[in-house]
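K.L.:
Task: produce atomic coordinates for the following.
(4 chains)
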Amino acid sequence: MKIPTTASELAARIPDGASLALAPDYSGCALAVVRALIRRPARALHLIGVPQLGFQADLLIGAGCVASVETAAVSLGEQGPAPRFAAAVKGGRIAIRDSTCPVIHAGLQAAEKGLPFLPLRGILGSDLVRHRPEWRVIDNPFRDPSGADDPILLVPAIEPEVALFHAPRADHAGNVWIGVRRELMTIAHAARTTLVTVEEIVPESLLAEDVSAAGTIPALYVSAVAPVREGAWPVGLRGVYSPDLEHLRLYAELASSEAGFERYLERFVLQPAAAK
Amino acid sequence: MKIPTTASELAARIPDGASLALAPDYSGCALAVVRALIRRPARALHLIGVPQLGFQADLLIGAGCVASVETAAVSLGEQGPAPRFAAAVKGGRIAIRDSTCPVIHAGLQAAEKGLPFLPLRGILGSDLVRHRPEWRVIDNPFRDPSGADDPILLVPAIEPEVALFHAPRADHAGNVWIGVRRELMTIAHAARTTLVTVEEIVPESLLAEDVSAAGTIPALYVSAVAPVREGAWPVGLRGVYSPDLEHLRLYAELASSEAGFERYLERFVLQPAAAK
Amino acid sequence: MDWRKEELLIDVLACMLEGLGHVAVGAASPIPGAAALLARERSGGQLRVSVLGSERHNPFTDGSRELFDCAAQGRIDAFFLGGGQIDGAANINLVGLGGYPRSRVRWPGSFGSAYLYFLVPRVILFREEHSRRVLVQRVEFVSAPGTSPPEVYRPGGAYALVTGRASFRFDRGRARFLLQSVHPGETVASILEHTGFEFDLPGDVAETPAPTPATLGLIRGPVGAAIAETYPGFAARVLGISAG
Amino acid sequence: MDWRKEELLIDVLACMLEGLGHVAVGAASPIPGAAALLARERSGGQLRVSVLGSERHNPFTDGSRELFDCAAQGRIDAFFLGGGQIDGAANINLVGLGGYPRSRVRWPGSFGSAYLYFLVPRVILFREEHSRRVLVQRVEFVSAPGTSPPEVYRPGGAYALVTGRASFRFDRGRARFLLQSVHPGETVASILEHTGFEFDLPGDVAETPAPTPATLGLIRGPVGAAIAETYPGFAARVLGISAG
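P.N.:
Prediction:
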């Protein structure tokens, strides 16, 4: 593993057409890499929301980088619905594979365990099941054989080709501290390639003491790490800095139209010096 | 939740006949409670190894507290095989439900997810499967229908009535820090009642900062906490104190005979003042 | 004492949490969040409240799957769900309108609704807008069904529907709502006018009681201070409280 | 240069790890542990070694299930298994002798063998005692089977068997061991005498080469220092090294 590398080099490791697991705004978003993908421009990405998506997905979708989205939701949270996502669905420009949070968690855990599927309670009778023919319903093999039927959903493993996220810190060996954002550990386990930006690279090993090790993804699962200060701007990084609400409001406003979104891209993405 | 309580009060919350999830020697063993169970004496416990068992199980089995053991192994590690376990199996005094580590992890994760079962790769063809009629083999519903059969094992949920372990610290709200010993979090999620002894109760909330929260079981899953200094003696507590190898060697020597084990009990368990 | 509509709704929702052990509230839900915190105040701290958008009031340490596992373990007694559309059988639509998958109007998506609706015993549907646009005869997309056939494992389900105009209880056996009370300023006629689905009417429909001064004191005091951390905009706009 | 039997075995096992990316070693396995660390030294640090009993050399942070998940993800290239009994089809018995479940001789149990044997590509069987008591015609209890029918998902399996007397390679297609080399002091005849199962003999059986002075320097130097943390007794007794 090459440490440190740069956001651009991480972007270069995400091929067009890749399936890309991304976290919601509250978790860890590697936005410097996302902007580099847009500048390339990346094409035909398959986004996987873990379990939902926010700002970064709307940006990638609006910029035409995305072919499909598998997610429990796409939303800008307090800033309202995700305008480029809604427009792309309406225009038929992306394929949407609607899911629900626990199905995505179960699919990723199946991949983490090298399993073809996991079972899951609930969900039966939702139209999600009608539109996802790859989900199966079986009769629970463990039900009392003299009792009533007990239908249960099985969902297939979700194996992202690439997991991409931002975290507070890594060490020189490539161990990455994610604290309580444990879904990032799950995708690092489940994905073939895991690319991470961090606020800083610290000198001491994060595995040396259990206090830090408890929140650390071992380097074993990490393909490359790039230090990027404020790398989650503008959505913020839990415990480190807050979302830039003014910027996110500006985004929501501009992105409500195609032309406004183009102005946003021009000003904040395509001119990298202006990105912050 | 009553905090703090005592080891004896925790033992009183484990009824005779309960299924009791216990960790191996390297994880977190609440030995003060185990000794209190022997003094009571507890009877007909069903031990669940997470995923295997060591000193504390041999002690409970030797003392006649145990009706059955579901585990991947019982061993004293560097001190050799578990003599009272082997003698109890040979004498037909306990029922042994042999398992393998990942089946126990899967069973506990099924309980954690409120599921009747989880699938698992491997294991087929092991005699374990022959002796566990409650395990099922199905044809993978996600295999290519035009391809060959793909048998896969399903194992039922393991829902312990009680999880019992020792950890470095808790706070006054009942949050418990377990660091990287994450199997303790899984059993706290899976069990109906979770009883914990800790080295100390700290004044600040363990959830206040992500650095400590990352290794913390929330109080939501914790039924009672008792502070017990050196509560994992003699098997040790990772990062806090080492195993008392001299004592463990003495145990292995004495426990190799019924009479020697009785002498051990008399000296180190039944006289609580002598316990250390 | 003057009160705002939001304060009434916080009070109504909080009353539905009385005596429970643990309520979880999703992100971007300031009124349910405030209701949960009000119920906790009233319980003397006995009610455990997990606010998902919060760094301070969210106890989970096992990643975003923990909420769902926790619900499946039976450790969450109540949860709130909304809906772009809600129908008379308590089906909810969080996906969109005008065809699927190429929806003319696309909403964020189903989030965890299709799971939590099955596993949390007391799911309270909350939508401030009460109109024939939202409360429809039949949702266009079922993100999560209001009821299930008897063979489907479902310890949870809808308990009530609270809107800006009224409160309904849900009868799971009959798969129908029963009007429980109309908020001050509304009448049975106005509810019928603005509701797109059929529902049952009791002999006598009460008016939702206005929040008492004691309740308003809690909402504007400790509840507001706690909610300001997660929903600073809401606390400032509605309760006149700025984050500490 | 003088060498001990344990040093020869460490060398033999280490050679089987050449070119791999990640080897995991179970608790209470000092010789395989030392072999993995020797292979890491030789690889210039390219080989990742996870020693499960170790606080320092165990990188896992997701609890004791992580080893198994990691293997299922295809991230572990080699693992060591032992056996109270090992038979000629590479079946292993870690459970006991003389009936089941009420065994006359009861061993600890199967640990993770029934899983890792299926999922780790290169499983090396290691047992120092080479006798007809251990290497049997047919194990009494199959903790983990040596081979599986073609329809069973099994990316992993047995690669070799190393004992205190010899090294065998395992042919998965034929489900038989092939004698690879006899350790110094042994002959084909002595191996046949002490082995309870049939195995294949190559035309010419080599003698296991003794460890070179360079290898012994590594074992007694950096490897010994590292292994002393996890297996202090072994390091002191065999390598004359005390924990730092």
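K.L.:
ranges for the strands of chain C?
P.N.:
Applying DSSP state E to chain C gives strands spanning C:22-25, C:48-51, C:78-81, C:85-87, C:92-93, C:96-97, C:105-106, C:122-127, C:135-136, C:158-163, C:166-171, C:176-182, C:206-207.
K.L.:
Show me the shaky parts of the chain.
P.N.:
I'll assume chain A. Counting by pLDDT under 70, the ranges of chain A that qualify are A:1-2, A:272-276.
K.L.:
that's the wrong chain, I meant chain C
P.N.:
Ranges of chain C meeting pLDDT under 70: C:242-244.
K.L.:
if I pick the residue in it that chain A sits nearest to, what's in contact with it?
P.N.:
Nearest residue of chain C to chain A: C:Gly63, at 2.9 Å (CB to the nearest CB). C-beta here means a position set from N, CA and C on the backbone, and glycine is covered the same way. Residues in contact with C:Gly63 (CB atoms under 8 Å, 6 or more residues apart in numbering or on different chains) are A:Val180, A:Arg181, A:Arg182, A:Glu183, A:Leu184, A:Met185, A:Thr186.
K.L.:
at 7 Å instead, please
P.N.:
Applying CB atoms under 7 Å, 6 or more residues apart in numbering or on different chains to C:Gly63 gives the contacts A:Arg181, A:Arg182, A:Glu183, A:Thr186.
K.L.:
Quick check: which element contains the last one?
P.N.:
With elements delineated by DSSP states H and E, A:Thr186 resides in helix A:183-190, which encompasses its position.
K.L.:
pretty sure C:Gly88 is in contact with C:Arg174, am I right?
P.N.:
No: using CB atoms under 7 Å, C:Gly88 makes no contact with C:Arg174, being 10.6 Å away.
K.L.:
Which of the two has more residues huddled nearby?
P.N.:
Applying other CB atoms under 10 Å in any protein chain shown to C:Gly88 and C:Arg174 shows that C:Gly88 carries more neighbours, namely 23 against 11.
K.L.:
Of all residues in chain C, which one is nearest the centre?
P.N.:
Centroid-nearest residue in chain C: C:Phe126, 3.3 Å away (criterion: CA atoms, centre = their mean).
K.L.:
Whatever residue of chain C ends up closest to chain B: what's its closest spatial neighbour, skipping adjacent residues?
P.N.:
Here the residue of chain C nearest chain B is C:Ala72; by CB to the nearest CB that distance is 2.8 Å. In space, and not counting its chain neighbours, C:Ala72 is closest to B:Gly114: 2.8 Å by CB to CB, 6 or more residues apart in numbering or on different chains.
K.L.:
OK, contacts around the one you found?
P.N.:
Contacts for B:Gly114 (CB under 7 Å, 6+ apart) come out as A:Arg121, C:Ala72, C:Gln73, C:Leu119.
K.L.:
hmm, try it at 10 Å
P.N.:
A:120-122, B:157, B:159, B:190, C:68-75, C:119, C:153, C:155 (CB atoms under 10 Å, 6 or more residues apart in numbering or on different chains).
K.L.:
Make a ChimeraX selection of the buried ones in the residues you listed.
P.N.:
Burial among these is assessed by 16 or more other CB atoms under 10 Å in any protein chain shown; the matching ChimeraX selection reads:
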select /A:120,121,122 /B:157,159,190 /C:68,69,70,71,72,73,75,119,153
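K.L.:
Tell me which entries of the contacts of B:Gly114 lie within helices.
P.N.:
Under the assignment DSSP state H, the contacts of B:Gly114 contribute B:Ala190, C:Phe68, C:Asp69, C:Cys70, C:Ala71, C:Ala72, C:Leu119 to helices.
K.L.:
Isn't the fourth one up against B:Leu220?
P.N.:
Yes: under the criterion of CB atoms under 10 Å, C:Cys70 is in contact with B:Leu220, at a separation of 7.3 Å.
K.L.:
what are the ranges of the strands in the stretch 101-250 of chain A?
P.N.:
Taking DSSP state E, counting those that start in this stretch as the test, the strands found in the stretch 101-250 of chain A are A:117-120, A:136-139, A:151-156, A:162-171, A:176-177, A:193-202, A:216-217, A:224-227.
K.L.:
ok, and the closest non-adjacent residue to A:Arg136?
P.N.:
Spatial nearest neighbour of A:Arg136, excluding adjacent residues (CB to CB, 6+ apart): A:Leu154 at 4.6 Å.
K.L.:
what pairs with the one you found across the strands?
P.N.:
Taking DSSP bridges as the rule, A:Leu154 bridges to A:Pro119, A:Arg136.
K.L.:
Stretch A:156-173 close to chain C?
P.N.:
No: using CB under 10 Å from any CB of the partner chain, stretch A:156-173 never reaches chain C; the gap is at least 12.3 Å.
K.L.:
Quick check: the closest residue to chain C within the stretch 51-200 of chain A vs A:Arg143, distance?
P.N.:
Of all residues in the stretch 51-200 of chain A, A:Arg182 sits closest to chain C, at 2.9 Å by CB to the nearest CB. In this view, A:Arg182 and A:Arg143 are 32 Å apart by CB to CB, to the nearest Å.
K.L.:
can you pull the contacts of the residue lying farthest from the centre of chain C?
P.N.:
No residue in chain C sits farther from the centre than C:Arg102, which is 28.5 Å out by CA atoms, centre = their mean. Applying CB under 10 Å, 6+ apart, we find C:Arg102 in contact with A:Val89, A:Lys90, A:Gly91, A:Gly92, A:Arg93, A:Ile94, A:Ala95, A:Ile96, C:Gly96.
K.L.:
Just these: which are in helices?
P.N.:
Residues of those located in helices (DSSP H): A:Val89, A:Lys90.
K.L.:
quick one: buried residues of stretch A:194-208?
P.N.:
Of the residues in stretch A:194-208, A:Thr194, A:Leu195, A:Val196, A:Thr197, A:Val198, A:Glu199, A:Ile201, A:Val202, A:Ser205, A:Leu206, A:Leu207 count as buried by neighbour count, 16+ other CB under 10 Å.
K.L.:
okay if I get those residues as CSV plus distance to B:Ala173?
P.N.:
Compiled in CSV, the buried residues of stretch A:194-208 are given as follows (distance: CB to CB, whole Å):
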residue, distance to B:Ala173
A:Thr194, 34
A:Leu195, 37
A:Val196, 33
A:Thr197, 34
A:Val198, 31
A:Glu199, 30
A:Ile201, 34
A:Val202, 30
A:Ser205, 31
A:Leu206, 27
A:Leu207, 28
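K.L.:
which stretches of chain C form helices?
P.N.:
Assigned by DSSP H, chain C shows helices spanning C:5-15, C:30-42, C:66-72, C:113-119, C:188-194, C:213-218, C:224-230, C:232-238.
K.L.:
who does the first one touch, helix- and strand-wise?
P.N.:
Spelled out, it's helix C:5-15. Counting contacts by 3 or more CB pairs under 10 Å, 6 or more residues apart in numbering or on different chains; DSSP states H and E, helix C:5-15 is packed against strand C:22-25, helix C:30-42, strand C:122-127, strand C:158-163, strand C:166-171, helix C:213-218, helix C:232-238.
K.L.:
Please determine how far A:Tyr264 is located from C:Gln46.
P.N.:
As judged by CB to CB, A:Tyr264 and C:Gln46 stand 48 Å apart.
K.L.:
Which of the two has more residues huddled nearby?
P.N.:
A:Tyr264 (22 against 11).
K.L.:
for the helix or strand containing the more buried one, which positions count as buried?
P.N.:
Here A:Tyr264 is covered by helix A:258-265, with elements defined by DSSP H and E. By 16+ other CB under 10 Å, the buried positions in helix A:258-265 come out as A:Gly260, A:Phe261, A:Tyr264, A:Leu265.
K.L.:
what would those look like in CSV with distance to chain B?
P.N.:
Shown next, in CSV, are these (distance: CB to the nearest CB, whole Å):
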residue, distance to chain B
A:Gly260, 36
A:Phe261, 34
A:Tyr264, 32
A:Leu265, 33
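K.L.:
of all those, which comes closest to A:Ile14?
P.N.:
Nearest to A:Ile14 among those, counting by CB to CB, is A:Leu265 at 18.6 Å.
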